[in-house]
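Asker: Sharing a sequence plus its predicted fold:
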Amino acid sequence: VAATLAVAILSPVIGVAGIYLLNMQSDAAIFSKLLIQGVFALCIYVAFFRKSHTLFNKAYWKEAFIFNITLVPYLLSTSILNQADRIMINSMVGAAEAAIYSVAYSVAMLMQLLNNAVSDAFIPWMYRRLKAKEYKEETQMKKSILALLLAVLMVASLLPAAAMADVEKVAEVNGEQYDTLAEAITKANAGDTVYLLQNLTISAEQEIDKGITLNLGGNTLTLAYATGTTNVFGLKFTNGTSRITNGTIVDKRSDGNTVYGWITVSVVGEASLSIDYTNIYVCKPCGLTLYNYAVRAIGNRDGVGTLTLDVGTEIGEVENSTPGDGSYGVVGVTVLGAYSNGNDVPENYAGETIVVNSGVVIDTTGFAIGGNGTNHGTTTAINGGSITSKESTGIYHPQYGVLNVNGGSITGGVTGIEIRSGELNMTGGVVTGLGNPAGVEPNGNGTTSSGAGIAIAQHTTKLPIALNITGGIVEGFSAIYENNPQKNSEDDLNKIE
């Protein structure tokens, strides 16, 4: 009985220490029993050896081996089962949910350890009392044990709240955890990494005014609509060189309402941003002939930056739960220069720059990549990736700037690329326009051409256009389709090379 009590007490003590001090969780139950029972077994074995002076008895060893070998598969499967649940939850739902489950499991393991401790100590004692017909003493002991268990349960009921306190933290910087993403970003210094610890929904703009890495930790950051919200930005980078990686951003602010014009990720002024291994999905507007914007880079006279989309970046859209007619959908990437008049753009000026590299997927209903005819001074470099607009133009380039196509595929449900101002240099890649037949209509605020691989249609701004194709493939009802939809003068059209 003394040995049983010692094992019963020490096993849960060491098990609890493993759960809460070493974060061993279910492993603590196994190792605590293994350690304590192994030590006591060794002591008992030494005691038997001193009495019998026999180290090995073939008959005893054979009987013990035959009895215990059948238990090995059971014990092995139990160990696997204790680990498999968290692996499955992490894979199917996410790390945050697996962490919450682990805490709850730890509390359950604590109760199991206590239950086993009481049972291991009480059952041998109870059988002795029953054999001796000492029923009154046995009944009194039951009452005492019941009172003890009730006290333990009351204490244990307080543990989940305390244990869950750390799990509810949503972000981490330099080993310190925070209740909100905004607080973590505020506490971060330039160059730090902010880790998202669980799936999170925010409804307010989050400005990042320093260069940091936002590691989403495999989680989903959801942007939700809040009544009365007037600021269109989601994540707004205003300074430094930052990075977004390893997760998903879903902008649902247009879901179920008639609000539009949301910008999920914005890079402003001299700020620069790279995105990799990140999905960005934006809800389509509801019944409006306007857009939402996944990623936007906008320069100003105080400074310009670079937006780089790297491998593992996927930009797409999700359907509105109450879809309407006439939605233009989502624009994948927008680049806006710092000059309102294209004639003011300095010579050899790179301006606000976007770079799309291999391993990037952009698949939207609106323009996959677009500019604006009142924001000039940009550079767009397509080095790879798959750029697709299902119902519009793959790349719409109305601004005075430079578009370099060096690789990748650009596909438009109407036209592959429409250039209305600036310079297009193509050395590689595939540009495809799926519209049929080719056609053109005047438009002072948008695209004009359909059925073209590359459409050349000078804007109302009457700025120069230069087309240089030295490689790659251009496909469409008309591979190259040049028109004058705005009826510009011959002098203006002479600016097209």
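Answerer: Arrived safely, thanks for sending.
Asker: same for the helix or strand L273 falls within, what does it pack against?
Answerer: According to DSSP states H and E, L273 maps onto strand 272-283. Contacts defined by 3 or more Cβ pairs under 8 Å, 6 or more residues apart in numbering; DSSP states H and E place strand 272-283 against strand 241-251, strand 263-268, strand 291-298, strand 306-309, strand 314-318. In this view, the C-beta of every residue, glycine as well, is placed from N, C-alpha and C.
Asker: Would you reformat the ones you listed as CSV and include mean pLDDT, distance to W61 and mean neighbour count?
Answerer: CSV is the format used below for the helices and strands packed on strand 272-283 (pLDDT from 0 to 100; distance: least, Cβ to Cβ, whole Å; neighbours: other Cβ atoms under 10 Å):
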stretch, mean pLDDT, distance to W61, mean neighbour count
strand 241-251, 97, 54, 21
strand 263-268, 96, 69, 25
strand 291-298, 95, 70, 26
strand 306-309, 97, 67, 25
strand 314-318, 96, 62, 20
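Asker: can these go into JSON lines with extra columns for distance to M88?
Answerer: Compiled in JSON lines, the helices and strands packed on strand 272-283 are given as follows (distance: least, Cβ to Cβ, whole Å):
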{"stretch": "strand 241-251", "distance to M88": "20"}
{"stretch": "strand 263-268", "distance to M88": "31"}
{"stretch": "strand 291-298", "distance to M88": "32"}
{"stretch": "strand 306-309", "distance to M88": "33"}
{"stretch": "strand 314-318", "distance to M88": "25"}
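Asker: Can you identify the element that follows the worst-scoring helix or strand of the chain on mean pLDDT toward the C-terminus?
Answerer: Ranking every helix and strand in the chain by mean pLDDT, DSSP states H and E puts helix 159-167 at the bottom, with a mean of 48. As assigned by DSSP H and E, the chain's next helix or strand after helix 159-167 is strand 171-173.
Asker: helices and strands around that following strand, which ones?
Answerer: Other elements packing on strand 171-173 under the criterion 3+ Cβ pairs under 8 Å, 6+ apart are strand 176-178, helix 181-187, strand 193-196.
Asker: any idea of the mean pLDDT in the second one?
Answerer: The reference is to helix 181-187. If you average the pLDDT over helix 181-187, you get 95.
Asker: Quick one: residues in contact with that helix.
Answerer: Residues from elsewhere that reach helix 181-187 (Cβ atoms under 8 Å, 6 or more residues apart in numbering): 170-173, 176, 178, 194, 196, 200, 202, 204, 206, 208, 212, 221.
Asker: again, 10 Å this time
Answerer: Helix 181-187 is contacted by residues 169-174, 176-178, 180, 192, 194-197, 200, 202, 204-210, 212, 214, 221, 235 when judged by Cβ atoms under 10 Å, 6 or more residues apart in numbering.
Asker: L75: helix or strand, and which one exactly?
Answerer: helix 72-92.
Asker: CA atoms only: put that helix into CSV for me.
Answerer: C-alpha atoms of helix 72-92 as CSV (Å, rounded to 0.1, in the frame of the first residue of the first chain):
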residue,chain,number,x,y,z
VAL,A,72,2.9,-3.7,-26.7
PRO,A,73,0.6,-3.0,-29.7
TYR,A,74,-2.0,-1.5,-27.4
LEU,A,75,0.4,0.7,-25.6
LEU,A,76,2.0,1.8,-28.9
SER,A,77,-1.4,2.7,-30.4
THR,A,78,-2.3,4.6,-27.3
SER,A,79,0.9,6.7,-27.7
ILE,A,80,0.1,7.4,-31.3
LEU,A,81,-3.5,8.3,-30.5
ASN,A,82,-2.3,10.8,-27.9
GLN,A,83,-0.3,12.7,-30.6
ALA,A,84,-2.5,12.2,-33.7
ASP,A,85,-5.4,14.3,-32.6
ARG,A,86,-3.3,17.5,-32.4
ILE,A,87,-1.5,16.8,-35.6
MET,A,88,-4.9,16.4,-37.4
ILE,A,89,-6.4,19.5,-35.9
ASN,A,90,-3.4,21.6,-36.8
SER,A,91,-3.5,20.3,-40.4
MET,A,92,-7.3,20.6,-40.9
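Asker: any idea how far it is from the chain center?
Answerer: How far helix 72-92 lies from its chain's middle: 26 Å, per Cα atoms, centre = their mean, to the nearest Å.
Asker: got the residue ranges for the helices in the protein?
Answerer: In the chain, helices defined by DSSP state H lie at 2-20, 26-52, 58-69, 72-92, 95-131, 135-156, 159-167, 181-187, 490-493, listed in chain order.
Asker: quick one: which of those helices has the weakest pLDDT on average?
Answerer: Of all the helices of the chain, the minimum mean pLDDT falls on helix 159-167 (a mean of 48).
Asker: returning to that earlier point: filter the contacts of helix 181-187 down to the buried ones.
Answerer: Among the contacts of helix 181-187, those classed as buried by 16 or more other Cβ atoms under 10 Å are 169-173, 177-178, 192, 194-197, 200, 202, 205-210, 212, 214, 221, 235.
Asker: Ok, which of the helices and strands packed on strand 272-283 comes nearest G471?
Answerer: When the helices and strands packed on strand 272-283 are compared by Cβ to Cβ, strand 306-309 sits nearest G471, at 22.0 Å.
Asker: Mind listing the residues bridging to the residue nearest to the spatial centre of the chain?
Answerer: Centroid-nearest residue in the chain: G247, 1.6 Å away (criterion: Cα atoms, centre = their mean). Taking DSSP bridges as the rule, G247 bridges to T278.
Asker: For it, list the residues it contacts.
Answerer: 94, 196, 199, 214-221, 277-280.
Asker: so how far is L197 from it?
Answerer: Computed with Cβ to Cβ, to the nearest Å, the distance linking G247 and L197 is 11 Å.
Asker: who touches both of the two?
Answerer: Residues touching both G247 and L197 (Cβ under 10 Å, 6+ apart): L216, G217, N219.
Asker: and the gap between the first one and A171?
Answerer: Meaning L216. With Cβ to Cβ as the criterion, L216 and A171 are 10 Å apart.
Asker: For the two, list the residues in contact with both.
Answerer: V194, Y195, L196, L197, L200.
Asker: From L35, how far out is the last one?
Answerer: So that's L200. Noted for L200: a distance of 40 Å to L35, by Cβ to Cβ.
Asker: Spatially nearest residue to T180, not counting backbone neighbours?
Answerer: V170 (6.3 Å; Cβ to Cβ, 6 or more residues apart in numbering).
Asker: end to end, how far does stretch 370-389 reach?
Answerer: 11 Å (Cα to Cα, to the nearest Å).
Asker: what ranges of the stretch 351-497 of the chain fall below the confidence cut-off?
Answerer: Within the stretch 351-497 of the chain, no range satisfies pLDDT under 70.
Asker: Quick check: the gap between T180 and L197.
Answerer: Applying Cβ to Cβ to T180 and L197 gives a distance of 11 Å.
Asker: Between these two, which contacts overlap?
Answerer: With Cβ under 10 Å, 6+ apart as the test, T180 and L197 both reach K169, V170, A171.
Asker: hang on, S203 packs against A224?
Answerer: Yes: counting by Cβ atoms under 10 Å, S203 does reach A224; the two are 4.9 Å apart.
Asker: Tell me the residues that contact both of these two, please.
Answerer: Counting by Cβ under 10 Å, 6+ apart, the residues touching both S203 and A224 are R253.
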